[in-house]
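Participant: I'll drop the sequence and a predicted model, then ask my questions.
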Amino acid sequence: MTFRPHRPPPAWSIVAPIFATIVTEVPEFAEQLADIDVRLATVQHNSFGGNYDVMDSRVVEDYAAVVRERLARGEDYDLILVPDAFGSPWGHDVFGASYVEMAMEFGIPVERIDWLLVYGREV
């Protein structure tokens, strides 16, 4: 497996290094990902201002900006995975944008992955 993180520590969030450890150090995962090029990007904290806490404060545009940046550098993707942290069971963020819009813009399948650690969402 090839593992290429987007940002080196310590700029990473809490989840990124845990994911990196799982996919590189746990044999059951590392073996299944042996022939897959995994690229991990962390999205910087987003704040709309004011006193609030809505989901994880990330919106579709935050993820799309990271993908645009990487595509502009010539990177190629077969699949994009984003955390299901939008707050809507249909994958809409607080502005009404959908993760599906990313798939249409980039021509690359985009899938949501379960993300249970979101403030404000009942699990």
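Facilitator: That came through, no problem. Numbers count the residues shown, from 1 in each chain.
Participant: how does the chain divide into domains?
Facilitator: 1-42, 46-123 (automatic domain parsing).
Participant: now those in a markdown table, with mean pLDDT?
Facilitator: Output for the domains of the chain, formatted as a markdown table (pLDDT from 0 to 100):
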| stretch | mean pLDDT |
| --- | --- |
| domain 1-42 | 73 |
| domain 46-123 | 80 |
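Participant: Redo those domains as JSON lines? Include mean neighbour count.
Facilitator: Any C-beta I mention is one placed from the backbone N, CA and C, and that applies to glycine too. Shown next, in JSON lines, are the domains of the chain (neighbours: other C-beta atoms under 10 Å):
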{"stretch": "domain 1-42", "mean neighbour count": "13"}
{"stretch": "domain 46-123", "mean neighbour count": "14"}
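Participant: Strands of the chain, start to end?
Facilitator: Using DSSP state E, the strands of the chain run over 2-5, 37-40, 80-83, 110-113.
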